[in-house]
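Chemist: Pasting a predicted model and its sequence here:
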Amino acid sequence: MSEENLLNLIHRASVILPTNPEQALEDLLGFKSTYAENALYLQTLGEAYLENSDVESAFTVLQKACELDPIAEKGIEKFFHLGQIIGGENGIQLLEVGIAKLIQQAQILQSISQGEIQVDNSLDSSIKILLQAYNSEEKIGEYITSKLTQGIAAIVEIWMTDLCMLPQAEEECEKWTKTLSELCPDNPETHSIIASVRISQQKPQEAIKEIELSWGLFQKKKQALEDIANTNENIDPDEIEMIYIELYQLLVTLSKYAVECGMFELASEISASARDINEDGIEALYVEGFANYLEALRIQNNVAIENASDLGREFENYQLNKDISNEEPSYEFIKNSQLALSSAVKSLYDSELAAQIDEELQTTIKELLEKVGGFVAKEKDTTGIDESNWEAEIQQD
């Protein structure tokens, strides 16, 4: 098969991978013998294995892909995935190969846009692949920004976990967050990543600033994607949907950082925005419910906003009065918590959704729901489940 056919296969698989990983893997495996020595194909196959939770198979094909393409001429993702699987210093070395290639691509792209380099056969092969895949310099720029953020985030995570005891760990985190802020200042993920570092460094005010910056940029990005989807422009709807879906987990993560910093109302707002993307997102519903519960606790126990993060860490030491009038300042937050957690519990009755949530969190959600008043129906049930028995079922669980 031709290079064009391979790129079409990879594009089709990449589009359906987030929503139907089993089908993407099946499509790719149909060509395994044809492209057994092709690094670009093996990279995509490795990603499909990962999406299907087959890390062992992913490791094997990604390792071979990296060996076939040691300087990332045929894509950087294999170095990112393999680096995250391996972790430690060896993992960082793999991630750095991908990041170096991305920075080189960004420089070439800038030279093309300034007319210093012509788009011809003399171009770097990795740029040719990107031009074929994305068809425009703007989309390539978005891709490079996204991948740079992903790679640097992975390096920072390794320094904060696997290698946190090494004396240079904090210095390395600072180096990479500075690099990220210089290369991708308008990417909301950049500021979310920096916020996580500042939280670990116990610099709450700096973390709060980064969370607010990140949230503002996420709002703009989410609105832009919704506008594009509604205008019916000549853009692949599957591509837009994939980008939109990817925002869900990023927003949930940011909402958790907001909780850690005592920004309970903002955390609720962010998690509610994530729920716009995935209305059955149990994790987002939990954070929304928990954040409202904490804000109600803060109000009832007269905890100053500047001390809210302390309450968040020690919330079990505080009592909530759930039986209050609707005139009380904390009433709205209790009811919002009750609604969000009720929706989360309802989603847990879907076995596929529940399988994605660990049992400890499932128990926590149900216990927290009881603290804020028990199950309440947000709207008329359309699932066929008798809601009148829900509270009894929850208590039995």
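Modeler: Arrived safely, thanks for sending. Owing to the predicted nature of the structure, the values given are computational and were not obtained by experimental measurement.

Chemist: shouldn't I365 be in contact with S347?
Modeler: No - between I365 and S347 no contact is recorded; they are 9.6 Å apart, counting by C-beta atoms under 8 Å. (C-beta placed from N, C-alpha, C; glycine too.)

Chemist: of those two, who's got more company?
Modeler: Counted by other C-beta atoms under 10 Å, I365 and S347 do not tie: I365 has more neighbours, with 24 against 18.

Chemist: Quick one: the helices in the stretch 51-200 of the chain, in order.
Modeler: Using DSSP state H, counting those that start in this stretch, the helices found in the stretch 51-200 of the chain span residues 55-68, 77-86, 88-113, 125-134, 137-160, 169-183, 188-200.

Chemist: Kindly report which one of those helices carries the lowest mean pLDDT.
Modeler: Lowest mean pLDDT within the helices of the stretch 51-200 of the chain: helix 125-134, at a mean of 76.

Chemist: coming back round to it: shared neighbours of I365 and S347, which are they?
Modeler: Taking C-beta atoms under 8 Å, 6 or more residues apart in numbering as the criterion, I365 and S347 both touch I282.

Chemist: hang on, the earlier thing: take the helices of the stretch 51-200 of the chain and lay them out in JSON lines including distance to A340.
Modeler: Below are these laid out as JSON lines (distance: least, C-beta to C-beta, whole Å):
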{"stretch": "helix 55-68", "distance to A340": "33"}
{"stretch": "helix 77-86", "distance to A340": "31"}
{"stretch": "helix 88-113", "distance to A340": "36"}
{"stretch": "helix 125-134", "distance to A340": "38"}
{"stretch": "helix 137-160", "distance to A340": "28"}
{"stretch": "helix 169-183", "distance to A340": "32"}
{"stretch": "helix 188-200", "distance to A340": "22"}
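
Chemist: which one of these lies closest to E279?
Modeler: E279 lies closest to helix 188-200 among the helices of the stretch 51-200 of the chain, at 21.6 Å (C-beta to C-beta).

Chemist: Phi first, then psi, for the residue of the chain positioned farthest from its centre.
Modeler: Distance from the centre of the chain peaks at S325, with 38.6 Å (C-alpha atoms, centre = their mean). When read as degrees, to the nearest 10, the backbone of S325 gives phi -80, psi 160.

Chemist: Same question for L166.
Modeler: The phi/psi pair for L166 (degrees, to the nearest 10) reads phi -70, psi 150.

Chemist: Then T34?
Modeler: Torsion angles, degrees, to the nearest 10, at T34: phi -70, psi -40.

Chemist: what pLDDT does it get?
Modeler: Looking at T34, its pLDDT reads 91.

Chemist: And the one 10 residues further on, by the same measure?
Modeler: T44 is assigned 94 on the pLDDT scale.

Chemist: change the start of the numbering to 259 and stick with it
Modeler: Fine by me, first position is 259 from now on; the one you just mentioned is T302.
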